[in-house]
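>>> what follows is a predicted protein model with its sequence.
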Amino acid sequence: MRSNGCCFISRSISISRQIHVSSYDLNAKIKTFVQQGKYEEALKSYSKILINLPSDTSRFTFPSLLKACASLSHFHYGTAFHSTIIKMGLQSDPYIVTSLIRTYVKCASLGNAVKLFDNMSDCETCSQDVALWNSIIDGYSKSGFFEEVMAQFRRMQALNIKPDGYTLCIFLGMRSFFDISYGKEIHGYIIRNMFDDDSFVITALIDMYSNFSRPMEAWNVFQKLENKDSIVIWNAMINGFCENGVWRNCLQLYSLAKCEGLELGSTTFSSVLTACSQGEAMDFGSQLHCDMIKNGVGDDAYASTSLLTFYSKCGDVKYAERVFRLTRNREVGIWNSMISAYINRGFSYDALDIYTQMRGREVSPDSFTISNILTACGMIGSSYVGGMVHGELIKRPVKHNVAVESALLTMYSKLGNVKDAHDVFDQMKEKDVIAWGSIISGSCENKEFEEVLRLYKRMVSDGVKPDPNIIASALIACVAYGDGELIKLGGCFHGLAIKEGLDLDAFTGSSLIEFYSKCGEPNMAREAFSKVLQKNMVVWNTLISCYSQNDLPDVSISLLPQILQFGLRPDSVSIITVLGAVSQMAALLIGKSIHGYYTRSLLRDGTQVENTLIDMYIKCGCLTYGERVFHSMSNRNLVAWNSMIGGLGSNGECHKAIDMFHEMRSRGTEPDEITFVSLLSSCNHGGLVDEGLHIFRSMKGYGVEPNMLHYVNIVDLLGRGGYLDEAREFIENMEIPPGRGVWLSLLSACRVHGNVELGEMAAENLIKMESQRGSNYIQLLNLYVEAGLKEKAVNLRAVMREKGLMKLPGCSWIEIKNKVEVFFSGDSSSPETTMIYGTLDGLKNSMKRRECEDEEGETIYGPG
């Protein structure tokens, strides 16, 4: 490059003898090229004419030329101009030196910039130029040397050089190096020195508060500004609200800017469209689309990319495709957005197709493109395509991009190629938190939980702080181990999250709620929930699921109206989870209300919700409603058929259940193991022994291997039918070791049919498996009592008493006026206990009177 620079200078000597252009025309031409971003043309223009004729060169030419060098990172050209400047005696010109310093900074030569500045700062006249100080302060700032920035600022103060607005903007831009209290000190300095009417300073101040998650303090700064004519300030505030998830305020602020008649550009529309994406505000976003067209921004690549992303995140991929097709100048950004849109909706093959089109149009992919395509390969399980992309990467400079390498190891992890993932990880030159997160979550997905914790330890020793994704993976590893010490370790991760402020994050909060849910600690889950600042639907749904999974369905149901009170809209996951809780309680009226809400809200993912509705109605004993939902479904998947088959069987419609199985087969839906559980359960309920055995024997013909649930159903079917010897023989010929359910079914059948010998054998196996479970002994105890074997019953009670075993009391419940009342056997804690027993006594007395009045003396009530 140095020789090239010298060549083009020497060539200019001969050219300049032939061409005579005034310095004014030359300066104007170069300045125009630079303003238009045509930096190469600016340099070529100068090289052809006057590069070696200092007498005809104006001092105003060099700042433009140096800006071109900086923009192209042409270090050697910059040094060549520096030499020319010295020859012309302009090395003490603050305006030119400032441009030189900025050029060296942009060309990553901070040492030369500092040397040049130190030479200039010794000159008393030049050292008073604040622009010169800003150039070196900006250089230190861009290089991340905050202490040096402060040192130069203190030197400025010592020399009585007053910082200007640009100086303050540099400080505010270094917010990653200081906390909010320091930011407030800068704010105070701005007010005291009357910079609070400088639009650039105010914009930087709003950005600072927004980045510190203080949107309302940013709003206070915005409101106090008297002159709000600059759209840049409005954009900063809109973006600040957007970054902090306060999307409604973004929409309101946009409407205000529109009413003020401000010139709305692509930056404004992009930020507001992002806010619409956050709140899925489809109507407002569609209006924005119209405004973009009216304001002539419809063809802007940046705004079009945001518009495509908005439609994608709102679930309207068709409209996203339309925006993509109508965009004329498709830069790499909009191709990336279309690929991301397909991936986010699970259309990985479409994403690969767009990538192929992109390559066909000779659009060079960037790191985002490659990362997305690797994600698509992981989703479809295509190691072949993924390997091809990896092969292309080796030939490209983008190979050592951290984001691409992270996507590469994530892909290998999803494909189950853990070794390849670790190879990529070990070869990475730089490992940021994203890379660590990718390898840790990959190990977690492949159930290598010990490796997760080992990698976490390595990461901490490397000085990398965890992010929410890493905390979530570590918590999953702790729960999966099921070890008491590791569950305590999960509590330590919670403490770390609090220390780092990550417990305020929605993703971390959801992970903590799920962790405590699996640990059976719903109270701790609620506490984790309360700490989250921006509670999105994922956080709410995780808490609803937590209560449902921890046998607190009533609390789970009560959260649904609270979501609406917080201004959020329950999604299909919320409905599905709450309907599961309704099923646990058989609360039919509540279930119907939720069904009504779902119908009115027109939520997506209808098939899953309809499947859950069928299950809910069946478990509430309302088969007719379940059938209505089933027959109204436009897309009946296997889950719907299984629910309906099981529901018919459990409600005594066994032959209908078998007929539905045949209908399902005729419609081209293949059965799975759950289908056969439902069928065998139906035969069990209906006592259809021959049909049940025939279905069991046909399973392998459908490619389904029997599991424990199928065996339990057959043993129960044979036992209920009185075929105890056949049941025993069936157990002896099982292809897998019999589980608890098998022996319990046989023991229950022995009790019904009074077969003590076989019942004792079943109980012996049952107790061997779970010696501390009281219900195992109760079944045998009832067998002895009903068979009249009092001595054996007494001895068994003594064993139970010695072991401290007892049977959990049974319970029942009833739904009255949308409230479910639960009653436990022998429990008198209900506030209505006196009234309940009073009513029962009244019923008993009425029954006794009827008995006395019965002329024939027949008992009008059966046993029990």
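Yep, it's here.

>>> can I get the top helix by length along the chain as CSV, trimmed to CA atoms?
Within the chain, and with DSSP state H defining each element, the longest helix by residue count is helix 833-853. Extracted in CSV, the C-alpha atoms of helix 833-853 (Å, rounded to 0.1, in the frame of the first residue of the first chain):
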residue,chain,number,x,y,z
THR,A,833,-68.9,-27.7,58.6
THR,A,834,-71.8,-27.1,61.1
MET,A,835,-74.2,-26.3,58.4
ILE,A,836,-73.1,-29.3,56.3
TYR,A,837,-73.4,-31.8,59.1
GLY,A,838,-76.8,-30.2,60.1
THR,A,839,-78.1,-30.8,56.6
LEU,A,840,-76.8,-34.4,56.6
ASP,A,841,-78.6,-35.0,59.9
GLY,A,842,-81.7,-33.6,58.5
LEU,A,843,-81.5,-35.9,55.5
LYS,A,844,-80.9,-38.9,57.8
ASN,A,845,-83.9,-38.1,59.9
SER,A,846,-86.0,-37.7,56.7
MET,A,847,-84.8,-41.1,55.5
LYS,A,848,-85.6,-42.7,58.8
ARG,A,849,-89.1,-41.3,58.8
ARG,A,850,-89.7,-42.6,55.3
GLU,A,851,-88.4,-46.0,56.4
CYS,A,852,-90.9,-46.1,59.3
GLU,A,853,-93.8,-45.0,57.1
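
>>> which strands and helices sit next to it?
Helix 833-853 sits against no helix or strand, with contacts defined as 3 or more C-beta pairs under 8 Å, 6 or more residues apart in numbering; DSSP states H and E. Heads up, the C-betas are built off the backbone N, CA and C, glycines and all.

>>> quick check: which element contains residue 628?
Assessed by DSSP states H and E, residue 628 sits inside helix 623-632.

>>> packing partners of that helix?
Contacts defined by 3+ C-beta pairs under 8 Å, 6+ apart place helix 623-632 against helix 606-619, helix 638-650.

>>> just checking, residue 670 is part of a strand?
No - applying DSSP: H, G, I helix; E, B strand; the rest coil, one finds residue 670 to be coil, outside a strand.

>>> check the gap between it and residue 404 for me.
Separation of residue 670 from residue 404 (C-beta to C-beta, to the nearest Å) stands at 40 Å.

>>> looking at those two, which one has more neighbours?
Taking other C-beta atoms under 10 Å, residue 670 and residue 404 do not tie; residue 404 has more neighbours (21 against 11).

>>> I'd assumed residue 393 was in contact with that one.
Yes - with contact defined as C-beta atoms under 8 Å, residue 404 counts as touching residue 393 (6.7 Å).

>>> for residue 297, give me phi and psi.
Per-residue torsions, residue 297: phi -100, psi 0 (degrees, to the nearest 10).

>>> now the helices and strands packed on helix 623-632 in a markdown table, with mean pLDDT and distance to residue 520?
Below are these laid out as a markdown table (pLDDT from 0 to 100; distance: least, C-beta to C-beta, whole Å):
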| stretch | mean pLDDT | distance to residue 520 |
| --- | --- | --- |
| helix 606-619 | 88 | 23 |
| helix 638-650 | 90 | 28 |
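
>>> of these, which is nearest residue 489?
Distance to residue 489, taken as C-beta to C-beta, is lowest for helix 606-619 among the helices and strands packed on helix 623-632, at 34.8 Å.

>>> what's in contact with that closest one?
572, 575-576, 579-580, 582-583, 586, 588, 591, 595, 598, 603, 623, 625-626, 629-630, 632-633, 635, 637, 639-640, 643-644, 646-647, 650-651 (C-beta atoms under 8 Å, 6 or more residues apart in numbering).

>>> give me the buried entries from the residues you listed.
Neighbour counting by 16 or more other C-beta atoms under 10 Å classes 572, 575-576, 579-580, 582-583, 586, 588, 591, 595, 598, 603, 623, 625-626, 629-630, 633, 639-640, 643-644, 646-647, 650-651 among these as buried.

>>> please report how far the residue minimising distance to the centre of the chain lies from residue 163.
Taking C-alpha atoms, centre = their mean, the centroid of the chain lies closest to residue 507, which sits 6.6 Å from it. Counting by C-beta to C-beta, the separation of residue 507 from residue 163 is 40 Å.

>>> is it possible to get TSV of the helices and strands packed on helix 623-632 that adds distance to residue 178?
Formatted as TSV, the helices and strands packed on helix 623-632 follow (distance: least, C-beta to C-beta, whole Å):
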stretch	distance to residue 178
helix 606-619	48
helix 638-650	54
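
>>> so for residue 199, which of those sits nearest?
If we rank the helices and strands packed on helix 623-632 by C-beta to C-beta, the stretch that ends up nearest is helix 606-619, at 49.7 Å.

>>> and the closest one, how far from the chain's centre?
26 Å (C-alpha atoms, centre = their mean, to the nearest Å).

>>> in it, which residues are buried?
Within helix 606-619, the residues that qualify as buried are 607-619, counting by 16+ other C-beta under 10 Å.

>>> please apply the same query to stretch 364-382.
Neighbour-count burial for stretch 364-382 flags 365-379, 382 (criterion: 16+ other C-beta under 10 Å).

>>> and if you look at stretch 652-672?
The neighbour-count check on stretch 652-672 (16+ other C-beta under 10 Å) flags 653-654, 656-658, 660-661, 664, 669, 671 as buried.

>>> related to what we said a few turns ago, what touches both of residue 404 and residue 393?
Shared contacts of residue 404 and residue 393, defined by C-beta under 8 Å, 6+ apart, are found at residue 370.

>>> what about the stretch 251-400 of the chain, any weak spots by pLDDT?
The stretch 251-400 of the chain contains residues with pLDDT under 70 at 395-400.

>>> residue contacts, the closest residue in space to residue 739 that isn't next to it in sequence?
Nearest residue to residue 739 in three dimensions, chain neighbours excluded: residue 708, at 4.8 Å (C-beta to C-beta, 6 or more residues apart in numbering). Contacts for residue 708 (C-beta under 8 Å, 6+ apart) come out as 736, 739, 741-742.
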